[in-house]
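Undergrad: Build me a structure from this.
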Amino acid sequence: MTKILVTGGAGFIGSNLVEALVKKGEQVVVVDNLSFGNLKNLPLFVKFYQVDIRDFDSLKEVFEKEKPEVIFHLAANIDLRKSVSEPIMDAEHNIIGSLNLLELSRLYNIKKFISSSSGAVYGDIEIPNKEEQEVKPVAPYSISKLTIEKYLDFYEKTYGLKYAALRYANVYGPKQNSKGEAGVISIFLDKMLRGEQPTIFGTGLATRDYVYVGDVVKANLLAWEKGQGIYNVSTCKETNVIDIFHMLNSFFDNKFSRNHVGGKPGEIIRACLSNEKLKALGWQPEISLEQGIRRTYDWFKNR
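TA: Purely as a prediction, here's the structure:
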C-alpha cells in the first residue's frame with residue numbers, strides 16, 4: 001500500500017483517479033480548495049483537506065502529518081479564457097502553487113510526481129502534435145503548464161525527483177463540471193437536459209481530440225508505474241463540434257436545432273495529439289467516442 005496525495009482530487013479528473021487508486025488498495029489523501037471540486041465526488045472514507053495549493057504553510061502541514069510517497073498533481077486554474085483576462089491569477093495557481101508542491105516534494109523525499117499538463121502547450125501548429133516537437137503556447141494557461149514541465153525537468157536533474165507530465169487532449173466523461181471545467185460535451189448535455197438550446201461557436205468545424213476520463217485515469221496509473229518525462233494522452237482522432245452536437249442530439253430524438261453564433265477570437269481550428277509514446281508504455285484508449293458519450297449522457301441524466 002502506497003500513501004498517495006492527489007491535489008484537485010475532488011474535481012473531474014481527480015475524483016475519477018481517486019476512485020481508481022482506492023480500488024487498487026492505495027491509501028489516498030486529497031487536497032482541494034473546492035473552487036471547482038465537489039466533496040460528493042469522493043468516496044466517504046478518503047481523507048480530505050480543504051487547502052489551496054498557493055498556501056505553502058498549510059500544504060506543509062499536510063505533508064508533515066500524512067507523509068505521502070507519491071503525488072498526483074491535478075489542482076489548477078483550468079479556465080483558459082480566464083487566464084487571458086487574469087494572467088496573474090493563473091500564474092499564482094498554476095506556477096506558484098505547483099512550485100509549492102515541488103519544493104515540498106524535495107523536502108519530503110517524494111518518490112514520484114505525476115503532473116497534469118495540457119495539449120494546449122503546442123498552440124496552433126502542425127498536427128498530430130508529438131512530444132518532441134517545438135511548442136508554441138499562446139495563452140497564459142498553456143504558458144503556465146509548459147513552465148511547470150520545465151521546472152519538473154529542473155527538479156529531476158537537480159534533486160532526483162522522478163516525474164511524468166501528461167499532456168491531455170480534450171478530456172470528457174462523468175463528473176465533469178459543465179461550468180468550472182467546461183468542455184463542449186458537458187456544456188451541451190447540461191443545456192439539453194434542461195431543455196435549453198445549445199450554442200455552437202463559429203462554423204462548428206473546429207476539431208478536437210476527445211479522450212474519455214477513464215482512459216486518462218489509466219494513463220496516470222501507468223505513468224506512475226513506468227513513465228518518466230512527457231506524454232500525450234489522446235485518441236489521435238479529430239472530431240468536429242457539429243458531429244458532437246448530432247451525437248448528443250440523438251439522445252433527445254433530434255429535437256434541438258443547430259444554433260451558431262460568432263466564433264471565439266484566437267480559437268485553434270484543429271487539435272490532435274499523437275499517442276505513440278504512451279502506447280509504447282502499454283497504454284491505449286479503450287473507450288470509443290460513441291461509448292464515452294453514452295456513458296457521459298447516462299451520468300448527467302441520472303446524477
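
Undergrad: pretty sure Asn41 contacts Gly8?
TA: No: Asn41 is beyond contact range of Gly8, at 10.8 Å (criterion: Cβ atoms under 8 Å). All C-beta atoms are positioned from the backbone trio N, CA, C, and that covers glycine.

Undergrad: Report the residue spans of the stretch 101-250 of the chain with pLDDT below the cut-off.
TA: 180-182 (pLDDT under 70).

Undergrad: make it 80
TA: Scanning the stretch 101-250 of the chain for pLDDT under 80 picks out 178-182.

Undergrad: how about the helices of it, start to end?
TA: 140-159, 184-193, 213-226, 241-249 (DSSP state H, counting those that start in this stretch).

Undergrad: Between those helices, which one is closest to Gln27.
TA: Among the helices of the stretch 101-250 of the chain, the nearest to Gln27 by Cβ to Cβ is helix 213-226 (14.2 Å).

Undergrad: where's Glu134 relative to Lys277, distance?
TA: Per Cβ to Cβ, to the nearest Å, Glu134 is found 16 Å from Lys277.

Undergrad: what's the pLDDT at the nearest residue to Gly11 once chain neighbours are set aside?
TA: Among residues not flanking Gly11 along the chain, Gly37 sits closest, at 4.2 Å (Cβ to Cβ, 6 or more residues apart in numbering). Note for Gly37: predicted pLDDT of 91.

Undergrad: Let's verify Gly37: helix, strand, or coil?
TA: Secondary structure assignment for Gly37 (DSSP: H, G, I helix; E, B strand; the rest coil): coil.

Undergrad: can you pull the contacts of it?
TA: Counting by Cβ atoms under 8 Å, 6 or more residues apart in numbering, Gly37 makes contact with 8-11, 14-15.

Undergrad: Backbone dihedrals for it, please?
TA: With angles defined as degrees, to the nearest 10, Gly37 shows backbone torsions of phi -80, psi 170.

Undergrad: sorry, back to before: in strands, which of the contacts of Gly37 appear?
TA: The strands, defined by DSSP state E, take in nothing from the contacts of Gly37.

Undergrad: Pick the one among these closest to Val184.
TA: Gly11 (18.1 Å).

Undergrad: That closest one - how many residues pack around it?
TA: Residues lying near Gly11 (other Cβ atoms under 10 Å) number 29.

Undergrad: wait, doesn't it sit right on Val31?
TA: No: Gly11 is beyond contact range of Val31, at 11.1 Å (criterion: Cβ under 8 Å).

Undergrad: Could you report the distance from the nearest residue to Leu281 once chain neighbours are set aside to Pro68?
TA: In space, and not counting its chain neighbours, Leu281 is closest to Lys226: 5.1 Å by Cβ to Cβ, 6+ apart. Taking Cβ to Cβ as the measure, Lys226 and Pro68 are separated by 20 Å.

Undergrad: And for Val135?
TA: Taken as Cβ to Cβ, the span from Val135 to Pro68 is 30 Å.

Undergrad: cool, and Ile125?
TA: The gap separating Ile125 from Pro68 is 37 Å, by Cβ to Cβ.

Undergrad: Those two - which one has more neighbours?
TA: With neighbours defined as other Cβ under 10 Å, Ile125 and Pro68 compare such that Pro68 has more, 23 against 12.

Undergrad: wait, the more buried one sits on Ile4?
TA: Yes: the pair Pro68 / Ile4 is scored as a contact, 6.2 Å apart, by Cβ under 8 Å.

Undergrad: Quick check: neighbours shared by those two?
TA: Residues touching both Pro68 and Ile4 by Cβ under 8 Å, 6+ apart: Val29.

Undergrad: Neighbours of the closest residue to Asp90 other than its chain neighbours, how many?
TA: Using Cβ to Cβ, 6+ apart and skipping the chain neighbours, the partner closest in space to Asp90 is Ser83 (3.8 Å). Residues near Ser83, counting by other Cβ under 10 Å, number 24.

Undergrad: and Ser83, helix, strand or coil?
TA: helix.

Undergrad: hang on, it packs against Lys145?
TA: No: using Cβ under 8 Å, Ser83 is not in contact with Lys145; the gap is 10.0 Å.

Undergrad: Appreciated, that's everything.
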